[in-house]
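A.B. asks: the following comprises the amino acid sequence and a computationally predicted model.
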Amino acid sequence: MDLDTRKVIFIRDFLKLESEKAISQFEKLLKKEIKADLELKPMSIAEFHKRIDASIDDSKNGRITDVDELISEIQKWS
């Protein structure tokens, strides 16, 4: 299902809501997401290369998490 279709379905479902609390929660979430989108700024090429270098260094020095360990850790969150 593409994004536009999902938006339409979401709007239809939203319009059916009767709960003041649910609508308030969606308003707060929307404001938070809009604010986060406005705060996003692309990183510079220098910052990009710095992050790559740090990642390579972490990998060489064993500061990594195995994917199976990560999945196991995530499953403990709920």
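C.D. replies: Thanks, I have it. Numbering: from 1, shown residues only.

A.B. asks: now the one helix or strand Ala36 maps to: average pLDDT?
C.D. replies: Take DSSP states H and E as the rule and Ala36 turns out to sit in helix 20-39. Mean pLDDT, computed over helix 20-39, is 90.

A.B. asks: any idea how many residues pack against the closest residue in space to Phe26 that isn't next to it in sequence?
C.D. replies: Closest residue in space to Phe26, ignoring its immediate chain neighbours: Phe14 at 6.8 Å, by Cβ to Cβ, 6 or more residues apart in numbering. All C-beta spots, glycine's among them, are computed from the backbone N, C-alpha and C. Other residues lying near Phe14 total 11 when counted by other Cβ atoms under 10 Å.

A.B. asks: before we move on, what SS does Phe14 have?
C.D. replies: Here Phe14 is recorded as helix under DSSP: H, G, I helix; E, B strand; the rest coil.

A.B. asks: hang on, it packs against Glu27?
C.D. replies: No. Counting by Cβ atoms under 8 Å, Glu27 is not a contact partner of Phe14; they are 10.7 Å apart.

A.B. asks: figure out how far the helix holding Ala36 is from the centre of its chain.
C.D. replies: Here helix 20-39 is found 14 Å from its chain centre; the criterion is Cα atoms, centre = their mean, to the nearest Å.

A.B. asks: fine, thanks again, bye for now.
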